[in-house]
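Visitor: Dropping a prediction and its sequence here:
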Amino acid sequence: MTMRILTVDDSQTMRDMLAMTLQGAGYDVVQAENGQEGLDVLKGAEVDLIITDLNMPVMDGFDFIEHVRSDTQHNATPILILTTESAGEKKERGRAAGATGWIVKPFEPEKLLGVIRKVSP
């Protein structure tokens, strides 16, 4: 069975780069532009892993992660934060919200795929 990954990022370019990398590695990809849209996608789709940005309109990545973690259907789904942020307090807040891992943009495709393989169920 193909693993399905939800990517949440307000940048179309970043979503396209993620889709190209992930689909090229054999993953099924669903996308959302912000945290609220990500939650809407999760209501109708089963996903195995989530990759989210932090700084987005409507609902940021921290709120999105907290909402996902409060949903019993997805409370154990691995969540990777992919962001330009690298400050220690942001990483702590991400961990406290329930993030599984942290990757700083721009990402290296092989490094991203390695992290996905490491945290995948």
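Guide: Yep, that arrived.

Visitor: quick one, phi psi at the residue positioned nearest the centre of the chain?
Guide: Relative to the mean C-alpha position of the chain, the nearest C-alpha, by C-alpha atoms, centre = their mean, is the one of Ile51, at 1.3 Å. Recorded main-chain torsions at Ile51 are phi -120, psi 120, according to degrees, to the nearest 10.

Visitor: What is the lengthiest helix in the chain packed up against?
Guide: Assignment by DSSP state H gives helix 12-24 as the longest helix of the chain. Using 3 or more C-beta pairs under 8 Å, 6 or more residues apart in numbering; DSSP states H and E as the contact criterion, the neighbours of helix 12-24 among helices and strands are strand 4-8, strand 28-32, helix 109-119. Where C-beta positions appear, they are placed from N, C-alpha and C, glycine not excepted.

Visitor: I'd say Ala32 and Ala45 touch.
Guide: No: in this structure, Ala32 sits apart from Ala45 without contact. The criterion is C-beta atoms under 8 Å, and the distance is 10.1 Å.

Visitor: Can you work out which residues contact both of the two?
Guide: Contact with both Ala32 and Ala45 is made by residues Leu6, according to C-beta atoms under 8 Å, 6 or more residues apart in numbering.

Visitor: between those two, which one's more packed in?
Guide: Each of Ala32 and Ala45 had its neighbours counted (other C-beta atoms under 10 Å), and the higher figure belongs to Ala32 (23 against 11).

Visitor: who touches that one in this structure?
Guide: Residues in contact with Ala32, defined by C-beta under 8 Å, 6+ apart, are 6-8, 38, 40-41.

Visitor: quick check, nearest of the residues you listed to Ala19?
Guide: Of all those, the one with the least separation from Ala19 (C-beta to C-beta) is Thr7, at 7.0 Å.
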